[in-house]
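S.K.: The following block contains a protein sequence and its predicted model.
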Amino acid sequence: MKNFKHLFVIFATLVATLSACQPSVSSSTTSSSNSNTTITNPSEDDPVFSKFTGELERNVEIKVVENDTAIKMGYLDELIEAFNEEYKEYGITAVDANQGEFADLPNTGPYGYGPDVVYQANDVLMGWVQDKHIMPLPTHLIEAYQSDVIPQTAHEAYKSVNNNVNYTFGVPVNIQSPLLYYRKDLLPSDWQETWDDNDNDVPDMVENIVDLYQFSLQYHEQDNSKYGFEFSLNDFYFTSGYLFSYGAYLFGENNRDDTDIGLHQGNAKYGVQLLRQFAAQMSPACIDDSAKLAISGAMASGKYFASVTTPDVRSVIVDALATTYQDEEGLTSQEAIQKAEENIIGVPFPSLPSNGDLINPSEEMIECKQMGGINGFAMSSYTKYPNASLAFINFATSYKMVKLREEIIQIAPCRSDVASESNELSQQLFEKASNGSIVLMPSIKAINQVWTPAGSFMGDVAADPSRGSNAKYDTLDKIQAALEQLSKDIYDAIHLLS
Amino acid sequence: MRRTFNNLSTNKQVKKVLSAVFIYCILIIVSAIFFFPCLWLILSSFSKTGSLYDIEGFFPKEFSFDSFIKLFTDTSQYNYPMWLLNTLIIAIFNCIFSTLLVIGTAYTISYFQFKSRKGLMKGALILSMFPSFMGMTVIYILMTQFNIVNNIWGLILIYSCTAPLGYLVQKGFFDTIPQSIYEAAKIDGATNARIFSTITLPLAKPIIVYTALTSFAWPWSDFILPKLLLIDKNNWTVAVGLMQLQQNEFSRFAAGSVFIAIPIVVLYFFLVKYMVNGMTAGAVKG
Amino acid sequence: MKRFFKNIAIKTNNTYVNFINFFKVSNINVKASMALMGLGQLMYRQIGRGILYLAIEILGIVFFSLYGFHWLVGLITLGTVEADPWTGLEGDNSVIFLLLGLMSLTLLILFIALYISNVKDAYKTSLLVLKGEKIPTFKEDLKDLLDKKFYKTMLFLPLLGTLIFSVLPIVFMILVAFTNYGDTVLPPVLVDWIGIDNFVKIFSLGDIGPTFFKILGWNILWAVSTTLLNYVLGLLLAIILNKKVVKAKFFWRLFPILAYAIPGFITLTAFKFMFAQGGPINQYIIQAGGSAIPFLTKDGTWWARIIGLLINAWLTVPSVMLLATGILSNINNDLYEAARIDGAGSFKQFKDITLPFVVFATTPTLITSFIGNFNNFGVFYFLRGAIESDGYFASNDTDLLINWLYRLSIDNTYYSIGAAISLIIFVITSAISLIIYIKSPAYKKEDTFR
């Protein structure tokens, strides 16, 4: 007992001393926008830009973090080679930072191990801005912004306010969004007569979800081990669009205000109801990530007619399908790959009935929004060669390189001049990103606290049809209550402890 | 009289046979339980698609070596052979250093009666209760101050230095070595250092082998610390690399995972005889 | 309370009086050592020792005047100039300040301890001289380190390593629990000491307290049951494999070894898919006309718990078996022979010799594996990392405290809150395991089998 008391006193004195020597609270640098101050764009001679003298550092090495797919497809090699050739006279060479695409700038940068230039999605890059790991860029020195080819929405995704100045932190390269992929060769042979009511040469089941639902019922009936449409509902990147379409949002004030969580706003419940109805027609693989993991095999075997995933997975599906063609139809590998390329088609999410009901759909259809991201280049604050790095960013985001990137990786570009010359899907995505149908991932740190609770909730919704009489989400009221709870949980996760 | 005796012996034999059958049944079941998931992993790494996930049921229908060939030849982006080599170096040196330190610590605490002994024992127990990843950021920052980040030797240093805290199991072993052995040697005038190297170490073979095996195996599966410390892809260990591969290259992930098991199993082959015959009858009698 | 302070006062007073007396009785050489480390030893012609102590003092003074003092000040202020990576302004990094300050503090304590030992050493020598005994030479000192004081030699490196890589991080995290480090306060923003605010927050905020106790309950249940299960199964397996009837032991041991050789995170990934909604087991169930079982989903609380238990057994039983095998081979055969002569049957032999011996030698394993399982991060991180349950704050119903901590401190960067929670967990768990340990025969009767 005595010992215990002794400890307690030491503890108490320790605490007292610790709290006594508390220095003045440092002014915080969070980017919260206060309504009674005006936010301005940075001027060209803003002191933050003083590093950018315009004089290129000579004989230096720029370490670049790139996307794994870009490396695999050989794009990075082309980019580096072209850049090194262009800047040979200055002795500037770009190299692969070789740290993996998820390079951990906050942990490596401050200690001198980080890359100089990073390619990543806007949510990742902008998540590092708050702690100043990413350098504000002088837009007046960046060709892409000067020549006005970047859509406003994409530029917004790279902006963050610091001390009432709205800085830009990255340069967009391409648009990332999940897509609906389907097997063209599994369409009914007479689809042009039976499944193309509007005669636009696009099958109805990939144009609107009501027909997709009908087709799924039919597809499953023919062979009950097969499913017309199946994807992992527990991935909120895939499912959030269904909520957004009916008026929900993630954060208020254009995804900037993390004190306003709006997943229950508008008629978000319609989106949940619709997904729940569709989940009843899917296999249980939609509840967790099995559908996402099994997608290549399942699409190759025709187990899924259509599914949702990110564009970088497409090549894996194509490979798997090519293998199937080789085995079943005796094609050479060249032919098989070509055939598979032709038959795996990606399209934006099909439109939705405005009443959010698949069983008694309304006539009126609304466009389905989908979540997406803007991938681009940003500069580490810890780079020793800001001017050379800026030159690299300018080079990598130029018309020529963005176009080459699109050709090699087949990814939707985020420059209007490249997009206008590219394929239909890329144009569609560019259009959607510009007009807000692709809801860009919030560029604030709080987004990290959304994925798990929201994904877990959607997985639970997918599991609901199998609960029978114990269903948790079988009425719109129950769904609304659950969504409100979800918004509250996310709010708490972000704010309760801060 | 004779008949009953016969009966008795056959009875005994029947019992013996029955118990043997029973034991073998258990062994078969246990082996199946352990082997099945391994077999599943192994076969899927040999499957044509190379994935665990796109198979109907457990086992693939078609096999190929493609995943393995790719794993070892296509190294421009994922340098598996390099990772394998790094991990092997880390594992070997960790095995040597950790085993030395752990065995030394366990022996010392078991054998010597010094003043702060019980305090140390309690302290070690409490220290090992602390969730290790909470200290990981600090260790990383510490390593940046020592300038040994992005270097496999830094990892070996940390592994070896934190190993002695797990001395308790080994101490339990040393506690079973009879004091009389030491006393006999003492009378002969041997110093403690000599006793340790000539008597204790040979006696402790089974536990040394156990320690060596476990410390050799650890770097193959740890990924949190190495991910933080080894920044350059060419310095990665297999565990870090595989975690990355898992995200987008499942076929290589499965093949790479199965391959990791080989060095550990090989080491087991070499060491097993010391483990089981550690203290043969007659070598030591208490 | 009053008496307590009085006691302290008396104690301090006593120390003071003792010191005065000590100073009075000590001779000139001891006093020399008090003034300058190693001086007394040199005066006794203990050249090696004297130079060592002197070197320590010089090194110490150089270090503290160059760095140590600054670092100690940094520990209190945690930095005063905020860095700005944008303009390249090199400010203070609070986290590094905290770390260096702590290192400096450790070195200071070590230095003082060495100083005291230096005085004590000189005093001891003076006593030897008084008694007219021979002063040990440096060579003899070194020799002693291989014999009587061999334990010092053996423990030097392990203690140093533990101090740097275990004690230092732990003390660091304990200190962090009293700061506002984390969330929006990450370097370059300066960190401040905030006293016990974090602890107040944990216990006053709505969902956090209940979540803590719910998780703690399950965590204890998990740690006890999984430890016992693994222990019993591993021991049984080792005993069975050790039986004479079992031929080709090597072959049978190979299967558990194979399971052991494949890294845990890989088998966990495989097991996760095995029990997934679209995994092979559910595929077979659906093909047979059943409906999928929610093994690891939000609904599958007890399914997931039991699967976790079994998978953990699969992962750990091989190593328990390895260990027990090593220990079984160490049983003195004479004991069995004696028992056989006494006419003991094989079961009796097992009960009276094998079991007590193995249990004795492996109780420490029980304790270490209890600790390991209490903080078993991997199993549920892999199986159910993507799930959050209703009524739990940012966690689910199979999460252990360590998983929760991970979500809070790594995923959500609440470092100081995480540190505060881990401090609470740390106090609870170390109390429990310390009590168990002290009561265990392996601690109380260490020489049972000697």
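M.R.: In hand now; what should we look at?
S.K.: Quickly find the element holding the residue of chain A found nearest chain B.
M.R.: As assessed by CB to the nearest CB, chain B sits closest to A:G297 within chain A, at 1.8 Å. For the C-beta atoms, the positions are set from N, CA and C on the backbone; glycine is no exception. Using DSSP states H and E, A:G297 maps to helix A:295-300.
S.K.: So A:Y167 belongs to a strand, correct?
M.R.: Yes - the assignment for A:Y167, made by DSSP: H, G, I helix; E, B strand; the rest coil, places it in a strand.
S.K.: In contact with it, which residues?
M.R.: A:P42, A:V48, A:P136, A:L137, A:K159, A:S160, A:V161 (CB atoms under 8 Å, 6 or more residues apart in numbering or on different chains).
S.K.: Same question for A:A462.
M.R.: A:L233, A:N234, A:L275, A:R276, A:A279, A:M282, A:C286, A:I287.
S.K.: With A:S43 instead?
M.R.: A:S43 makes contact with no residue, according to CB under 8 Å, 6+ apart.
S.K.: quick one, phi/psi of it?
M.R.: Here is the backbone geometry of A:S43 (degrees, to the nearest 10): phi -80, psi 170.
S.K.: returning to that earlier point: the helix holding A:G297 close to chain C?
M.R.: No - applying CB under 8 Å from any CB of the partner chain, one finds helix A:295-300 separated from chain C by no less than 8.5 Å.
S.K.: does chain A sit close to the longest helix along chain B?
M.R.: Ranked by residue count under DSSP state H, the longest helix found in chain B is helix B:2-45. No - remark: helix B:2-45 sits outside contact range of chain A, by CB under 8 Å from any CB, the gap being at least 11.1 Å.
S.K.: what packs against that helix?
M.R.: If you count contacts as 3 or more CB pairs under 8 Å, 6 or more residues apart in numbering or on different chains; DSSP states H and E, helix B:2-45 packs onto helix B:250-276, helix C:208-241, helix C:249-261, helix C:264-274, helix C:301-328.
S.K.: Give the buried residues for the third one.
M.R.: So the one you mean is helix C:249-261. Neighbour-count burial for helix C:249-261 flags C:W252, C:R253, C:L254, C:F255, C:P256, C:I257, C:L258, C:A259, C:Y260, C:A261 (criterion: 16 or more other CB atoms under 10 Å in any protein chain shown).
S.K.: So for the third one, what's the pLDDT?
M.R.: At C:L254, the predicted lDDT confidence score is 87.
S.K.: give me the residue from the stretch 251-400 of chain C nearest chain A.
M.R.: In the stretch 251-400 of chain C, the residue found nearest to chain A is C:G278; the distance is 2.6 Å by CB to the nearest CB.
S.K.: Look up how far C:G300 lies from that residue.
M.R.: As judged by CB to CB, to the nearest Å, C:G278 and C:G300 stand 15 Å apart.
S.K.: do the same with A:D123
M.R.: A:D123 sits 31 Å away from C:G300, going by CB to CB.
S.K.: just C:L228 next, same as before
M.R.: 23 Å.
S.K.: cool, A:L217 as well?
M.R.: Taking CB to CB as the measure, A:L217 falls 28 Å from C:G300.
S.K.: So between those two, which is more surrounded?
M.R.: Set A:L217 next to C:G300 and count neighbours by other CB atoms under 10 Å in any protein chain shown: C:G300 wins out with 22 against 11.
S.K.: check contacts around the nearest residue to A:E207 once chain neighbours are set aside.
M.R.: Closest residue to A:E207 apart from its sequence neighbours, by CB to CB, 6 or more residues apart in numbering or on different chains: A:P350 at 5.5 Å. With contact taken as CB under 8 Å, 6+ apart, A:P350 is in contact with A:L180, A:M205, A:V206, A:E207, A:N208, A:I209, A:D211, A:L212, A:C368.
S.K.: Let me know whether the top helix by length along chain C sits next to chain B.
M.R.: As assigned by DSSP H, the longest helix anywhere in chain C is helix C:94-131. Yes - Helix C:94-131 comes into contact with chain B (CB under 8 Å from any CB), by way of C:V95, C:I96, C:L99, C:L100.
S.K.: May I see the buried residues of that helix?
M.R.: Neighbour-count burial for helix C:94-131 flags C:94-104, C:107-108, C:111, C:114-115, C:118-119, C:121-123, C:125-126 (criterion: 16+ other CB under 10 Å).
S.K.: what does stretch B:179-193 give?
M.R.: Buried-residue list, stretch B:179-193, by 16+ other CB under 10 Å: B:I181, B:Y182, B:A185, B:A190, B:T191, B:N192.
S.K.: so where's chain A shaky on pLDDT?
M.R.: A:1-36 (pLDDT under 70).
S.K.: Which single strand of it contains the most residues?
M.R.: The longest strand of chain A (DSSP state E) is strand A:370-379.
S.K.: Can you name every helix or strand that that one contacts?
M.R.: For strand A:370-379, the packing partners by 3+ CB pairs under 8 Å, 6+ apart come out as strand A:117-121, helix A:122-127, helix A:152-157, strand A:171-176, helix A:236-245, helix A:386-396, helix A:424-435, strand A:438-440.
S.K.: The first one pairs with which strands, parallel or anti?
M.R.: Within its sheet, and counting by DSSP bridges, strand A:117-121 is paired with strand A:61-65 (parallel), strand A:370-379 (antiparallel).
S.K.: Distance to B:T144 and mean neighbour count added to the ones you listed, as CSV?
M.R.: What follows is the strands paired with strand A:117-121, written out as CSV (distance: least, CB to CB, whole Å; neighbours: other CB atoms under 10 Å in any protein chain shown):
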stretch, distance to B:T144, mean neighbour count
strand A:61-65, 18, 22
strand A:370-379, 22, 26
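S.K.: which ones are touching residue 268?
M.R.: Just so you know, I chose chain A. So A:A268 contacts A:L243, A:Y246, A:G247, A:A248, A:L483 (CB under 8 Å, 6+ apart).
S.K.: that answer is for a different chain, and I need it for chain B
M.R.: Counted by CB under 8 Å, 6+ apart, B:Y268 has contacts B:L213, C:I257, C:A261.
S.K.: Please repeat the previous calculation with a cut-off of 7 Å.
M.R.: B:L213, C:I257 (CB atoms under 7 Å, 6 or more residues apart in numbering or on different chains).
S.K.: So for it, what pLDDT did the model give?
M.R.: At B:Y268, the model reports a pLDDT of 80.
S.K.: same deal with the one 10 residues further on?
M.R.: Looking at B:G278, its pLDDT reads 45.
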